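**Student:** sequence isn't available, so here's the structure alone:
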């Protein structure tokens with residue numbers, strides 16, 4: 001007896017951290033955008049959660065850092081494909097396609113529509129893609145006293161108008177102190193290495209913030225939003241209130 005075996009993939013349920021990176025071919029969005037947040041799938045087709053949206057500077061548009069919440073719906077097919085509709089409380093609306101993988105613990109995400117207040121609706125040559133990762137492993141809540149403790153290898157991607165990448169080792173001591181050491185490369189090529197020290201805090205839902213005050217020789221500090229995923233072995237990160245052009249976001253893994 002022969003035939004085709006079709007995979008039966010369960011829809012996502014529970015909280016998933018996500019990060020999306022966008023590059024736009026629009027004058028008012030020339031600096032790109034990135035979104036970090038938490039998707040809480042209720043198992044009945046509804047999704048909601050907090051988000052941090054960074055609209056990068058570039059061209060004539062100024063940067064914007066927006067934090068809020070979203071609501072929406074989702075559906076999935078037996079083959080693991082599906083869609084997610086998100087209504088952000090700032091008036092933006094996104095439609096995403098997804099592919100569920102890694103035994104239901106990961107999502108591959110891409111936008112098919114981004115509607116802005118006005119309305120301006122469409123992608124207009126934009127590419128918007130990213131990932132989602134389940135926050136829990138085995139049903140165990142990841143947040144506890146002194147939870148974020150250890151070193152993570154982190155890769156960050158900078159969006160247009162000038163692109164770049166950064167490789168970092170970010171070390172958390174479990175008591176609110178953090179050190180980041182790494183190298184940034186842009187198409188110049190310009191290669192810059194350095195170390196930052198700062199503080200961090202973790203919220204009960206597994207989101208959190210990192211603050212690097214101005215370091216020696218620098219007038220600007222940095223702030224980051226992050227989401228803990230994969231029990232504790234994953235980290236999604238987004239720089240907020242970025243001083244330079246574009247956006248900087250990425251993904252990390254516990255070493």
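**Tutor:** Nice, I can see it. These numbers were taken from a predicted model, which means no experiment stands behind them.

**Student:** ok, then the element right after the helix or strand encompassing residue 236?
**Tutor:** Using DSSP states H and E, residue 236 sits in strand 234-240. Using DSSP H and E, the next helix or strand after strand 234-240 towards the C-terminus is strand 248-254.

**Student:** show me which residues of that following strand are buried.
**Tutor:** 248, 249, 250, 251, 252, 254 (16 or more other C-beta atoms under 10 Å). All C-beta spots, glycine's among them, are computed from the backbone N, C-alpha and C.

**Student:** so who does the fourth one touch?
**Tutor:** If a contact means C-beta atoms under 8 Å, 6 or more residues apart in numbering, then residue 251 has 19, 131, 154, 155, 234, 235, 236, 237 as its contacts.

**Student:** dump the residues you listed into a markdown table; add pLDDT as well.
**Tutor:** A markdown table is the format used below for the contacts of residue 251 (pLDDT from 0 to 100):
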| residue | pLDDT |
| --- | --- |
| 19 | 97 |
| 131 | 96 |
| 154 | 97 |
| 155 | 97 |
| 234 | 94 |
| 235 | 96 |
| 236 | 97 |
| 237 | 97 |
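
**Student:** out of those residues, who's nearest residue 87?
**Tutor:** Comparing the contacts of residue 251 against residue 87 with C-beta to C-beta picks out residue 19 as the nearest, at 18.9 Å.

**Student:** show me the beta-bridge partners of the closest one.
**Tutor:** Here residue 19 sits in beta bridges with residue 36, residue 131, going by DSSP bridges.

**Student:** go ahead and confirm it touches residue 234.
**Tutor:** No. Counting by C-beta atoms under 8 Å, residue 234 is not a contact partner of residue 19; they are 10.8 Å apart.

**Student:** ok, those two, which is more surrounded?
**Tutor:** residue 19 (26 against 23; other C-beta atoms under 10 Å).

**Student:** any idea how far the more buried one lies from residue 106?
**Tutor:** As judged by C-beta to C-beta, to the nearest Å, residue 19 and residue 106 stand 12 Å apart.

**Student:** what residues are shared contacts of those two?
**Tutor:** residue 131.

**Student:** would you mind listing where this protein has pLDDT under the threshold?
**Tutor:** 1-7, 24-31, 57-62, 118-120, 124-125, 138-142, 144-146, 219 (pLDDT under 70).

**Student:** break it into its domains for me.
**Tutor:** 14-134, 149-254 (automatic domain parsing).

**Student:** okay, those domains in a markdown table with distance to residue 8 next?
**Tutor:** What follows is these, written out as a markdown table (distance: least, C-beta to C-beta, whole Å):
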| stretch | distance to residue 8 |
| --- | --- |
| domain 14-134 | 5 |
| domain 149-254 | 23 |
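
**Student:** nearest to residue 143, of those?
**Tutor:** Of all the domains of the chain, domain 149-254 comes closest under C-beta to C-beta, at 5.2 Å.

**Student:** so residue 214, which state does it fall into?
**Tutor:** coil (DSSP: H, G, I helix; E, B strand; the rest coil).
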